[in-house]
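Colleague: need coordinates for the following:
(one chain, ligands or ions: 1)
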Amino acid sequence: MPPQNSAHGPPFRVAMAGVVGRLIRCWCRRAVGGSLKVPALQLHVSKTAMGASQKDFENAMNQVKLLKEDPGNEVKLKLYALYKQATEGPCNTPKPGVFDLINKAKWEAWNALGSLPKETARQNYVDLVSGLSSSSDSSSQGKPEAERKQAGYETVVMTSEEGITKIMLNRPAKKNALTEQMYQEIILALEAASKDDSAITVLTGNGDYYSSGNDLTNFTNIPPEGVEAKAKNSAILLRNFVGSFIDFPKPLVAVVNGPAVGISVTVLGLFDLVYATDRATFHTPFSHLGQTPEGCSSYTFPKIMGPAKAAEMLIFGKKLTAGEACAQGLVTEVFPDSSFQKEVWTRLKAYSKLPQNAMRISKQIIRSQEKEKLHAINAKESSILQERWLSSECMNAIMNFFSQKAKL
Ligand SMILES: CCCCCC/C=C/C(=O)SCCNC(=O)CCNC(=O)[C@H](O)C(C)(C)COP(=O)(O)OP(=O)(O)OC[C@H]1O[C@@H](n2cnc3c(N)ncnc32)[C@H](O)[C@@H]1OP(=O)(O)O
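Modeller: Numbering: from 1, shown residues only. Just a heads-up that it's a prediction; the model follows:
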C-alpha cells in the first residue's frame, strides 16, 4: 500500500482516537494562524517520508527499461506523471496546445496528480513498476489481449471485453470508498477508455456496495503546508475528477451493484445509462456532513427530477430506493438482484454491437449543448466545497463518523 493510505490502517476504528486528535489539532492550528507545533502532524509527515527511498526509486527506473512487455500507453503516461511528480512536484508548466497531442496527454496525466506529495508519488512509482515487473513475468501471457486485466491500477480493476471497457471500484472491504489515489486512477482509466477501441464504458463496484462516496480519511491526511492547502488541492482533484465525466466522449454506463453514497450518486447525472439492482439505494447526506452538492448535481438533479425532489435529496439528505430513483429519472432501469448481472451484461453486450461512431456522435451532440455550463457549475461547486471543508460543521461531522456517533 502506498503511504498516502496509511491512515486507513488496520482497523480504522482502532486508529480513531489518533485520527480525531489529528483533525482537532489541524483545525486548532488553523484557528490560531498556523503557528502551533503539532506533534501528531509531524509524525504523519515523517511516516510518509519513510516510504520508498531514492535508491528504490532509481532501481525502479532501471527496472522499467528491462520490462519484457510494452506496458501500453496508459501505463506509460502514469509512469511519466508519477516520475514528474516525484522529481518536480505538482504540474507547473503551461498546458500544451490542442494539436500537441502527445505532450498534452503527458501534461494532463501529470496535472491529474494534483498535489500528491513527492514521497507518495515516488512510492506509487516504485509500486507500479514492481506490479508491472511481476505481471510481465507471470502467467497472464496465455490469455487473449482483450480479456487481460490492465496493469497499472491498484484501486480499480480495468478490463476490456467484447467492445465494453469495465472500470470496477475495488475496495470492497471499505464499501468502495473513494481515496485520493482512486480518484486519480478513475481519471486515468476514463482517459484510457476514451481512447480505446471499445464502444461502451462501464463503471461498477466490487462487493456489496457500489460506493460509499468520498473516503472520509481523505480529510485526515494533512500535508505540511496545512489544512487550507489540503482543501485547495482536494478541490482541484474534485474538479478534475468531475471534469473527466463531463468530457467523456462515448456512452458511459453505471452498473449500480449496491448502495451508492455521496459523490458516487451525484456524478450519475453525467452518465448516459444508469442500471441498478433493486438492492441499491441512493443517498446524498451532504447537510449531515456539513457539505454541499458536487458532481454538477446542483444543476443535473433539479433538471432530471424537478427542484422539489432534488431539494429533498441534496438539502435534506433523503435516501432513495432504486425504485424511487428510477421513478424520478436518475436511474434508467431497475433489475431484481438475483438476475441483475446477467440481464445487464446481456443488454450491454447487445448495445456494444451498435455502430460505435453513431453512438459516440449522438452522445457528443447531446453533451455539447451544455458542456460549458457543466464545467462552470463544476468549478463553482468545487470552490464552495473548498470553503465548506474548513468549516467546523464539516470537521465535526467527520469526527463524528470516526467516533461512530453518526452512522448514516
Ligand atoms: C478529493 C475529495 C473530493 C471530495 C468530494 C466530496 C464528496 C462527498 C461525499 O462523497 S459525501 C459521502 C461520504 N460518505 C459517507 O459519509 C459514508 C460513510 N460511511 C457510512 O456511513 C457507512 O460506512 C456505510 C453506511 C456506507 C456502510 O455501513 P456498514 O454497512 O455498517 O459498514 P461499515 O460502516 O462497517 O463499513 C465497512 C468499512 O468501510 C469503512 N468505510 C465505509 N465507508 C467509508 C467512507 N466513506 N470513508 C471511509 N471509510 C469508510 C468503514 O469505516 C468500515 O471500516 P472498518 O472495517 O471499520 O475498518
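Colleague: buried ones in the helix or strand harbouring residue 231?
Modeller: According to DSSP states H and E, residue 231 maps onto helix 227-246. For helix 227-246, burial by neighbour count (16 or more other CB atoms under 10 Å) applies to 227, 230-246. Quick note: C-beta positions are derived from backbone N, CA and C, even for glycine.
Colleague: up against the ligand, what does this structure have?
Modeller: Within the chain, the positions near the ligand by CB under 6 Å from any ligand atom are 11-13, 174-175, 177, 180, 183, 212-218, 234, 237-238, 261-263, 289, 291, 294, 401, 407-408.
Colleague: residue of the stretch 51-200 of the chain closest to the ligand, please.
Modeller: Taking CB to the nearest ligand atom, the ligand has its nearest neighbour within the stretch 51-200 of the chain at residue 177, 3.4 Å off.
Colleague: and the residue of the stretch 101-250 of the chain nearest the ligand?
Modeller: Counting by CB to the nearest ligand atom, the stretch 101-250 of the chain gets nearest to the ligand through residue 213 (2.7 Å).
Colleague: number of residues surrounding that residue?
Modeller: 24 (other CB atoms under 10 Å).
Colleague: off-centre distance for stretch 125-132?
Modeller: Taking CA atoms, centre = their mean, to the nearest Å, one finds the center of stretch 125-132 at 20 Å from the center of the full chain.
Colleague: still on that earlier bit, can you list the strands that the next helix or strand after the helix holding residue 231 pairs with?
Modeller: For helix 227-246, the succeeding helix or strand toward the C-terminus, using DSSP H and E, is strand 252-256. For strand 252-256, sheet partners with direction are given as strand 200-205 (parallel), strand 273-277 (parallel), following DSSP bridges.
Colleague: quick revisit: in PyMOL, how would I select the buried members of the residues of the chain next to the ligand?
Modeller: Buried members of the residues of the chain next to the ligand, defined by 16+ other CB under 10 Å, are picked up in PyMOL with:
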select buried, resi 12+174+175+177+180+183+212+213+214+215+216+217+218+234+237+238+261+262+263+289+291+294+401
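Colleague: filter the residues of the chain next to the ligand down to just the ones in strands.
Modeller: residue 261 (DSSP state E).
Colleague: rewinding a little: which residue packs closest to the residue of the stretch 101-250 of the chain closest to the ligand, ignoring adjacent ones?
Modeller: residue 262 (2.5 Å; CB to CB, 6 or more residues apart in numbering).
Colleague: check contacts around the one you found.
Modeller: Listed by CB atoms under 8 Å, 6 or more residues apart in numbering, the contact partners of residue 262 are 211, 212, 213, 214, 283, 284, 285, 286.
Colleague: wait, the last one touches residue 317, no?
Modeller: Yes. Between residue 286 and residue 317 there is a contact under CB atoms under 8 Å: 6.7 Å.
Colleague: give me the more crowded residue out of these two.
Modeller: Legend: neighbour count by other CB under 10 Å for residue 286 and residue 317, higher for residue 286 (25 against 15).
Colleague: find me the pLDDT at that one, would you?
Modeller: With respect to pLDDT, residue 286 scores 97.
Colleague: quickly note the distance from it to residue 266.
Modeller: From residue 286 across to residue 266, the span is 9 Å (CB to CB, to the nearest Å).
Colleague: give me the low-pLDDT residue ranges for the stretch 51-200 of the chain?
Modeller: Low-confidence segments of the stretch 51-200 of the chain (pLDDT under 70): 51, 99, 134-149.
Colleague: er, the stretch 301-408 of the chain I mean
Modeller: Applying pLDDT under 70 to the stretch 301-408 of the chain flags residues 404-408.
Colleague: which phi and psi does residue 226 have?
Modeller: Main-chain torsions, residue 226, degrees, to the nearest 10: phi 110, psi 180.
Colleague: report how many residues lie close to it.
Modeller: Neighbour count of residue 226, defined by other CB under 10 Å: 16.
Colleague: center of the chain - which residue?
Modeller: In the chain, the centroid-proximal residue (CA atoms, centre = their mean) is residue 183; its distance is 2.2 Å.
Colleague: surely that residue touches residue 239?
Modeller: No. Counting by CB under 8 Å, residue 183 does not reach residue 239; the two are 10.8 Å apart.
Colleague: how about the helix or strand harbouring residue 311: buried residues?
Modeller: Per DSSP H and E: residue 311 is located in helix 307-314. Within helix 307-314, the residues scored as buried using 16+ other CB under 10 Å are 309, 310, 312, 313, 314.
Colleague: tell me the one of these nearest the ligand?
Modeller: residue 314 (11.5 Å).
Colleague: ok, now which ones touch that closest one?
Modeller: Residue 314 sits next to 284, 286, 293, 297, 298, 301 when contact means CB under 8 Å, 6+ apart.
Colleague: quick revisit: what is in contact with residue 286 and residue 266 at once?
Modeller: Shared contacts of residue 286 and residue 266 (CB under 8 Å, 6+ apart): residue 293.
Colleague: so what sits opposite residue 321 in the bridge?
Modeller: Residue 321 has the following beta-bridge partners by DSSP bridges: residue 281.
Colleague: next, count neighbours for it.
Modeller: 16.
Colleague: most neighbours among the contacts of residue 314, please name it.
Modeller: residue 284 leads those on contacts (other CB under 10 Å) with 31 neighbours.
Colleague: phi, psi for that residue please.
Modeller: phi -130, psi 80.
Colleague: mind checking pLDDT for the residue of the stretch 151-300 of the chain at minimum distance from the ligand?
Modeller: Nearest residue of the stretch 151-300 of the chain to the ligand: residue 262, at 2.1 Å (CB to the nearest ligand atom). Among the per-residue scores, residue 262 shows a pLDDT of 98.
Colleague: what's the distance between it and residue 120?
Modeller: Plainly put, residue 262 is 24 Å away from residue 120 if you go by CB to CB.
Colleague: do the same with residue 215
Modeller: 15 Å.
Colleague: on that earlier part again, centre of the chain to the helix holding residue 311, how far?
Modeller: What separates the centre of helix 307-314 from the centre of its chain is 25 Å, taken as CA atoms, centre = their mean.
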